[in-house]
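K.L.:
Using only what follows, build the 3D model:
(one chain, ligands or ions: 1)
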Amino acid sequence: MTSTYRDLFDLSGRVAIVTGGAGILGRHFCLGLAEHGANVVVADVDGGAAEAYAGELESKTGVSCIGMACDVACESSVERLAAATLEHFGRIDVLHNNAASKSDDLEAFFAPVEEYSLAEWRKIMAVNLDGVFLVSRTVGKRMIELGRGGSIIHTGSIYGHLGSDSRIYEGSEYLGTAINTPPVYAASKAGVAGLARYLATQWATHGIRVNTLVPGGVESGQNDIFQSRYSQRVPLGRMAQVGDLVGASIYLASEASRYVTGQSLFVDGGLSAW
Ligand SMILES: NC(=O)c1ccc[n+]([C@@H]2O[C@H](COP(=O)([O-])OP(=O)(O)OC[C@H]3O[C@@H](n4cnc5c(N)ncnc54)[C@H](O)[C@@H]3O)[C@@H](O)[C@H]2O)c1
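P.N.:
Next comes the predicted model:
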């Protein structure tokens, strides 16, 4: 037990792995953890970006960070991530499963459900759901062997819990194309929340907590029409800013949430409260 309630959020001396750590949200999750004292492993399929960002984190925060290339959909790559983290830091306390694929074929990714190709479905599932399983299994096993407990966080999405409202996508544009919520995205995000509940009950006796952080839509360059249509559906009247998610990640990573496991924490401006 910690000495003051402020200390509940202190992550000094802890070691955290963030997958997709070089992405839009991942960078902020890494920064939040490092600012709270954690040594951070920035893991991303883009190894160059992960290494560069780990260097930036070290100079900004003064904690020791490393960047690693890791494809969460590949068993041997995930094994290397766990082994290298232990070799470098000797412990793993926090795992944030945050990587997800935006696909390299936007036409297939945003195809209507009636036309959705099984190949695209499998490609996305391999990262968004298989990847979360693989990293959780591999790192969770190490956490059990180390015997210190731990916190595992999955990044979910409101669309893992709510149906998507196609009307907000009329006139939308992002990444140079009209967007929607692909069926595989919704199914994969429902899957990570289900897996979190399963692991939470399986690993509770090892002191490992597993929760899902559920962001609403994050403003990251969508056109004005989409931002406005989306914002009208949100009680707080706007899309999320990346920094809006960080407090919840620190809470779930730290002792502040020591009696919380198997939960989905919605950070959605109240969208799911209507
Ligand atoms: N941006 C949003 O509006 C939003 C809303 C809800 C949930 N989310 C979720 O938040 C998380 C982060 O999303 P983001 O907006 O930062 O997207 P992003 O594309 O910027 O970040 C994802 C990162 O994952 C990495 N990645 C992709 N495939 C990988 C693989 N096979 N192995 C390892 N890394 C891989 C990418 O290189 C990228 O750095 C995702 O799980 C996403 O589904 C995002």
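
K.L.:
When you work out contacts or count neighbours from here on, use the C-alpha atoms and nothing else.
P.N.:
Will do.

K.L.:
Might you enumerate the residues of the stretch 1-150 of the chain proximal to the ligand?
P.N.:
19-26, 44-46, 70-73, 98-102, 127 (Cα under 6 Å from any ligand atom).

K.L.:
hmm, 8 Å instead?
P.N.:
Residues of the stretch 1-150 of the chain lying close to the ligand (Cα under 8 Å from any ligand atom) are 19-27, 43-46, 69-74, 97-102, 126-128, 131.

K.L.:
now the helices for the stretch 1-150 of the chain?
P.N.:
For the stretch 1-150 of the chain, applying DSSP state H, counting those that start in this stretch gives helices covering 24-35, 47-61, 75-89, 106-109, 118-128, 130-146.

K.L.:
Ok, which of these comes nearest Tyr185?
P.N.:
helix 118-128 (7.6 Å; Cα to Cα).

K.L.:
just to revisit the earlier point, closest one to Ala178 among the helices of the stretch 1-150 of the chain?
P.N.:
Proximity to Ala178 (Cα to Cα) singles out helix 106-109 among these, at 9.5 Å.

K.L.:
Which elements pack onto the closest one?
P.N.:
The criterion is 3 or more Cα pairs under 8 Å, 6 or more residues apart in numbering; DSSP states H and E, and there are no helices or strands that helix 106-109 contacts.

K.L.:
Distance from it to the middle of the chain?
P.N.:
Its chain's average C-alpha position is 22 Å from that of helix 106-109, according to Cα atoms, centre = their mean, to the nearest Å.

K.L.:
Residues contacting that helix, please?
P.N.:
Helix 106-109 has contacts (Cα atoms under 8 Å, 6 or more residues apart in numbering) with 102-103, 116-117, 120, 177, 182.

K.L.:
hmm, which two among those residues are most spread apart?
P.N.:
Farthest pair in the contacts of helix 106-109 (Cα to Cα) is Ser117 and Thr177. Separation: 18.6 Å.

K.L.:
how far away is Gly26 from Asp7?
P.N.:
Separation of Gly26 from Asp7 (Cα to Cα, to the nearest Å): 24 Å.

K.L.:
more neighbours, the two?
P.N.:
Set Gly26 next to Asp7 and count neighbours by other Cα atoms under 10 Å: Gly26 wins out with 24 against 14.

K.L.:
ranking the helices of the stretch 1-150 of the chain by burial, who's on top?
P.N.:
Most buried of these, by mean neighbour count (mean count of other Cα atoms under 10 Å): helix 24-35, with a mean of 22.

K.L.:
From the contact counts, what lies against that helix?
P.N.:
strand 15-19, strand 39-44, helix 47-61, helix 246-253.

K.L.:
got JSON lines for those, with distance to Ile152 too?
P.N.:
Compiled in JSON lines, the helices and strands packed on helix 24-35 are given as follows (distance: least, Cα to Cα, whole Å):
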{"stretch": "strand 15-19", "distance to Ile152": "10"}
{"stretch": "strand 39-44", "distance to Ile152": "14"}
{"stretch": "helix 47-61", "distance to Ile152": "20"}
{"stretch": "helix 246-253", "distance to Ile152": "7"}
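
K.L.:
Kindly provide the whole-number mean pLDDT of stretch 133-150.
P.N.:
Predicted confidence along stretch 133-150 averages 98 (mean pLDDT).

K.L.:
what's the answer for stretch 20-30, then?
P.N.:
For stretch 20-30, mean pLDDT is 98.

K.L.:
Run through who's touching it.
P.N.:
18-19, 40, 42-46, 49-50, 53, 57, 97-100, 242-243, 245-246, 249.

K.L.:
for the protein, what's the longest strand?
P.N.:
What stands out as the longest strand in the chain, according to DSSP state E, is strand 208-215.

K.L.:
Could you tell me the angle between that one and helix 246-253?
P.N.:
Angle of strand 208-215 versus helix 246-253, following axes from the mean of the first three to the mean of the last three Cα atoms, to 10 degrees, is 160 degrees.

K.L.:
Return strand 208-215 as CSV; C-alpha atoms alone will do.
P.N.:
These are the backbone C-alpha positions of strand 208-215, laid out as CSV (Å, rounded to 0.1, in the frame of the first residue of the first chain):
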residue,chain,number,x,y,z
ILE,A,208,-2.8,-8.9,-12.7
ARG,A,209,-5.6,-6.5,-13.5
VAL,A,210,-6.9,-6.3,-17.1
ASN,A,211,-9.2,-3.4,-18.2
THR,A,212,-10.2,-1.8,-21.5
LEU,A,213,-9.9,2.0,-22.1
VAL,A,214,-12.7,2.9,-24.5
PRO,A,215,-12.0,6.2,-26.4
